[in-house]
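Q: Mind looking at a prediction? Sequence and model below.
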Amino acid sequence: MTTTLIIPGYRGSESDHWQRQWLLDDSSAKVVEQEDWENPVLSDWLYVLEAHLAEHPGSVLVAHSLGCVLVAHLANRPAAAHVAGALLVAPADSEKMTRQDRIFASFTPLPRQPFPFPSIVVASRNDEYMSFAKAQALADVWGSGFVDLGRAGHINPASGFGYWPEGMILTSSFRQRTLIAAE
């Protein structure tokens with residue numbers, strides 16, 4: 001069975017966030033819990049993610065916000081070979097965020113190289129954490145598919161996203177690809 005690794009962003013995902021809701025229906029899903037959600041340090045967060053990938057090779061990654069930036073940094077590391085695919089929802093612009101608060105500095109610059117695994121970026125036209133144009137440009141550079149959710153805010157509970165079944169459908173495309181490759 002393919003494991004789904006849920007990768008929250010800064011401050012983790014609250015209980016009504018779609019990432020946490022998915023845990024109720026997906027027995028293969030595991031949250032990549034960071035030791036310190038309030039003080040993001042890229043090297044620490046990468047270590048935790050890579051440990052999960054070592055334990056669950058062939059995982060599908062489902063990242064939100066700063067978690068997407070974490071996955072982008074993982075893409076150029078050896079552990080990326082253990083990723084079956086990645087759904088990157090509402091990526092955060094760590095470069096812009098760092099200009100406002102140096103706490104995000106270790107997550108800059110945003111990686112701008114193609115990913116060695118299939119991926120889909122889901123973006124909103126009115127996300128306060130990344131412009132739509134930059135999300136689209138990064139998806140192109142990363143070699144990711146791109147889904148335009150329209151005016152969906154940061155694609156979190158504050159913008160009306162609780163369970164979000166459409167996201168699960170997008171995630172299932174990576175599972176299907178993994179099953180076909182195994183045949």
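A: Yep, that arrived.
Q: ok, residues contacting the helix or strand where residue 6 lies?
A: Using DSSP states H and E, residue 6 sits within strand 4-7. Outside strand 4-7, the residues that touch it by CB atoms under 8 Å, 6 or more residues apart in numbering are 13, 19-20, 22-23, 26, 28-32, 49, 52-53, 56, 59-64, 67-68, 70-71, 171. For every residue, glycine as well, the C-beta is placed using N, CA and C.
Q: what about 7 Å?
A: With CB atoms under 7 Å, 6 or more residues apart in numbering as the contact definition, strand 4-7 has outside contacts at 19, 22-23, 26, 28-32, 49, 52, 56, 59-63, 67, 70-71, 171.
Q: do stretch 154-167 as well
A: Residues contacting stretch 154-167 (CB under 7 Å, 6+ apart): 14, 16-18, 21, 65, 87, 89-90, 122, 124, 127-129, 149, 152-153.
Q: can you pull the buried residues of that stretch?
A: For stretch 154-167, the neighbour count (16 or more other CB atoms under 10 Å) marks 154, 155, 156, 157, 159, 161, 164, 167 as buried.
Q: before we move on, what about stretch 112-119?
A: So stretch 112-119, judged by 16+ other CB under 10 Å, has buried residues 115, 117, 118, 119.
Q: what do you get for stretch 91-110?
A: Buried residues in stretch 91-110, counted by 16+ other CB under 10 Å: 91-98, 104, 106-108, 110.
Q: hmm, back to that, adding distance to residue 2 and secondary structure as columns, could you present the buried residues of stretch 154-167 in TSV?
A: TSV is the format used below for those (distance: CB to CB, whole Å; DSSP: H, G, I helix; E, B strand; the rest coil):
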residue	distance to residue 2	secondary structure
154	27	coil
155	23	coil
156	25	coil
157	27	helix
159	29	helix
161	24	coil
164	20	coil
167	16	helix
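Q: At which residues are the strands of the chain located?
A: In the chain, the segments counted as strands under DSSP state E are 4-7, 29-31, 59-64, 83-89, 119-123, 145-148.
Q: Tell me which of the ones you listed sits nearest to residue 135.
A: With CB to CB as the criterion, residue 135 lies closest to strand 119-123 of the strands of the chain, at 3.7 Å.
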